[in-house]
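Participant: Whatever this is, show me its structure:
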Amino acid sequence: MENFGEGRRSGGGGMLPLLALSAVAEYYRLPWKPPVTASLLAANTLLYLRPAFIDPVIPHISEVWFNPHLIFKHKDLKRLFLSAFYHVNEPHLVYNMMSLLWKGIKLETSMGSSEFASMVFTLIGMSQGVTLLLAKSLLVLFDYDRAYYNEYAVGFSGVLFALKVVLNSQAEDYSSVYGILVPTKYAAWAELILVQMFVPNASFLGHLGGILAGIIYMKLKGSYSGSDPVTMAVRGVTRLVTWPLRFLNGMVRSRRRRITGRGRVGRGQTGIAGPGIWRCQSCTYDNSGWLSACEMCGSGRARGDGWSLNQGPALSSSNDLPLDELRRRRVERFS
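Facilitator: You can find the predicted model right below:
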């Protein structure tokens, strides 16, 4: 998340092809393509590019800057939630989306799409809400409004800090944060300090809100067993949306199961085997109606052999081949 003293969008350029190439390469090597991560990448990128077909229906960045003063004054929930999906320039967008690509793939692959989508949208609300409360608390307790309460900020990095906390919550090893080796579970805190040192426009309060949201989320998740309501809602919507595809897939599979193979051996069959099938009187193998000789033993098709739609099986004649002759024909057939 980046902040600016004034609500203006700064420039940048030339890095979007790098993001596209990285995303395509990463997804190409995956056997399963995480759909929620791809959707989040596409949503953030489309909101930044503002193509003509969506430009008239989406708010401008000046309407969605995260500003605690304006949110409380006008009860503007649009600024509270949409500001996470907007970015001020290409470096800001690409840096955040590259981080989302890596974290999203790891988390969605391990959690599943429904639970991952539930967690992301929960963390968006929690990180933005915690940041808002921190800014209000600084104003009420310390009358500290200039740096945080009236700042303008946008970006997905607050959510990314929350995802980093979730991803590293159970890690016991060490990670390198800008060349400094720290315990992985505390990497988000180290990154918070280092980013603030080297990126002056970074929103310290927004990043801190993301870390605290991730910690709160893990505490709540640890104290509650079972699927949370948001996950259940996401799964329900997903099942509803994909029902036509699942229905068509079921019909195709059912149709494939009705298509029989080469035939069956055995006299114990009852009922009609189906049109175009005749049974060998020598070995009782069911053959296609197009064949004039048995596929199993090579015996010729006798008059009266067969099935029809309106008839039962023809009665077997009493002049069956001797067992030795039947065996000899089978050996010749398959040798």
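Participant: Is the residue nearest to residue 279 when sequence neighbours are not counted in a helix, a strand, or coil?
Facilitator: In space, residue 279 comes closest to residue 286 once its chain neighbours are excluded; the distance is 5.5 Å by Cβ to Cβ, 6 or more residues apart in numbering. Glycine gets a C-beta too; all of them are placed from N, C-alpha and C. Using DSSP: H, G, I helix; E, B strand; the rest coil, the secondary structure recorded for residue 286 is strand.
Participant: let's number from 38 now, not from 1
Facilitator: Will do, 38 is the new start, and the previous item becomes residue 323.
Participant: and residue 323, how many neighbours?
Facilitator: 21 (other Cβ atoms under 10 Å).
Participant: What confidence value was assigned to it?
Facilitator: Here the pLDDT value assigned to residue 323 is 78.
Participant: That one and residue 360: what is the separation?
Facilitator: From residue 323 across to residue 360, the span is 20 Å (Cβ to Cβ, to the nearest Å).
Participant: what sits against residue 205?
Facilitator: For residue 205, the contacting residues are 212, 221, 222, 224, 225, taking Cβ atoms under 8 Å, 6 or more residues apart in numbering as the criterion.
Participant: on that earlier part again, residue 369 versus the residue nearest to residue 316, what's the distance?
Facilitator: According to Cβ to Cβ, residue 323 and residue 369 sit 21 Å apart.
Participant: likewise residue 193?
Facilitator: From residue 193 to residue 369 the distance is 74 Å (Cβ to Cβ).
Participant: ditto for residue 120
Facilitator: The gap separating residue 120 from residue 369 is 81 Å, by Cβ to Cβ.
Participant: which SSE is residue 203 in?
Facilitator: With secondary structure defined by DSSP states H and E, residue 203 is part of helix 194-205.
Participant: residues near the residue lying closest to residue 211 once chain neighbours are set aside, how many?
Facilitator: Once flanking residues are discounted, residue 211 sits nearest to residue 218: 5.2 Å by Cβ to Cβ, 6+ apart. Residues near residue 218, counting by other Cβ under 10 Å, number 10.
Participant: what does residue 255 give?
Facilitator: Applying other Cβ under 10 Å, we find 15 residues neighbouring residue 255.
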